[in-house]
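>>> Dropping the sequence and predicted coords here.
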Amino acid sequence: IKRTPSGAVLVYFSDGDRSGVELIDPETAAALGPYEPPAVMRWMKNLHRSFLLDETGRIATGTTATLMLLLSLSGAFLLAARSGGWRKIFHPVCGTGPQRLHVTLSRIAVCGLLLSASTGLYLSAGSLELIPDAAEAEAEFPAEAISGTPLPVQSLTALQTTDLNDLRELVYPYAGNPADPYSLLTNHGAGIIHPATGALIAFEAHSARRKIYEFIYLLHTGEGLWWLALLLGLCALCVPAL
C-alpha cells in the first residue's frame with residue numbers, strides 16, 4: 001500500500017498470475033478502479049528531468065538550472081538598480097508600457113524562479129551523484145526469529161497508531177509465511193511490525209540529510225502543497241513573457 005503526496009492511496013497486488021495497481025478510498029477501502037499514471041505526465045516528467053536523454057539530459061537540466069539561477073540573480077540586481085535600491089523594489093516604476101510590464105512580471109517571477117532554480121540545482125546534483133546520497137531510512141530486520149499466530153491486520157497496534165497522513169508505504173507479509181513481518185515506511189522513518197503481536201520491533205528514523213532533501217524536493221515541486229505549486233506555476237508562466 002502506498003500513499004502519494006497528493007493523498008491518493010494505491011494498492012499494489014498480485015493474485016496468482018495477475019498483478020496490478022488499484023486506487024482505493026482511504027476511508028472505506030473500497031476499490032475505485034485500476035490506477036495507471038497518465039502517459040502524458042510520465043512523458044512530461046522525463047522531459048523535465050532529463051530532456052528525454054537519460055544521463056546526458058540530466059547533465060543538461062543541471063546546467064539549465066545553473067543558468068536560470070544566474071539569470072534570476074542578475075535580474076534581481078538589475079531590478080533593484082532600476083528601482084533605486086532594494087527598499088524601493090516594489091515602488092511604482094516609470095518607462096514605456098513594455099518596460100513597466102517587464103518590471104511588474106519580474107517582481108512576480110524572481111522569487112519563484114530563484115527558488116525553483118536553486119532547488120533544481122540541488123536535485124540535479126543529487127541525481128548525478130555529485131553530493132552524498134540521501135536515501136530513505138531502512139529498518140534492520142530483527143535477529144530473533146518471528147513466531148506466533150499472525151493477528152488480523154486491523155488488530156495491529158503499530159498500524160492503529162499510525163496516522164494515514166504520515167503513511168508512505170506498508171508492505172504486507174508473504175501469504176502463508178508466518179515468519180514474514182510487515183514493513184512500514186512513514187514520514188518519520190522505517191519500521192518492522194511483528195505480525196503476531198502488532199508491535200513495532202524495529203525502527204530507523206530518517207536522517208537529517210534525508211529530511212533536508214525532502215524539504216528541498218517539496219519546495220521545488222510543490223507536491224502535496226497546492227498553493228505553492230500554483231505560485232511556482234505562475235512564476236514559470238512569466239518566463240515566456242519576460
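Okay, I see it. Numbering: from 1, shown residues only.
>>> Neighbouring strands of the one helix or strand residue 202 maps to in the sheet, and parallel or not?
Element membership for residue 202 (DSSP states H and E) is strand 200-205. Strand pairing for strand 200-205, determined by DSSP bridges: strand 189-193 (antiparallel).
>>> Run through the helices of the protein in chain order.
Assigned by DSSP state H, the helices in the chain fall at 39-50, 54-83, 97-127, 157-160, 208-221, 226-241.
>>> Let me know the angle separating the first one from helix 208-221.
Read it as helix 39-50. Here helix 39-50 points in a direction 120 degrees away from that of helix 208-221 (axes from the mean of the first three to the mean of the last three Cα atoms, to 10 degrees).
>>> could you give the angle of helix 39-50 to helix 54-83?
Per the same axes, to 10 degrees, the angle that helix 39-50 makes with helix 54-83 is 70 degrees.
>>> what's the answer for the longest one, then?
Direction vectors for helix 97-127 and helix 54-83, defined by the same axes, to 10 degrees, enclose an angle of 140 degrees.
>>> What helices and strands are in contact with helix 97-127?
In terms of contact count using 3 or more Cβ pairs under 8 Å, 6 or more residues apart in numbering; DSSP states H and E, helix 97-127 is assigned the packing partners helix 54-83, helix 208-221, helix 226-241. Any C-beta I mention is one placed from the backbone N, CA and C, and that applies to glycine too.
>>> With distance to residue 18, mean neighbour count and mean pLDDT added, can I get these in JSON lines?
Listed next are the helices and strands packed on helix 97-127 as JSON lines, based on distance: least, Cβ to Cβ, whole Å; neighbours: other Cβ atoms under 10 Å; pLDDT from 0 to 100:
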{"stretch": "helix 54-83", "distance to residue 18": "32", "mean neighbour count": "15", "mean pLDDT": "94"}
{"stretch": "helix 208-221", "distance to residue 18": "33", "mean neighbour count": "15", "mean pLDDT": "94"}
{"stretch": "helix 226-241", "distance to residue 18": "35", "mean neighbour count": "13", "mean pLDDT": "93"}
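>>> Out of the helices of the chain, which is closest to residue 134?
Among the helices of the chain, the nearest to residue 134 by Cβ to Cβ is helix 208-221 (3.7 Å).
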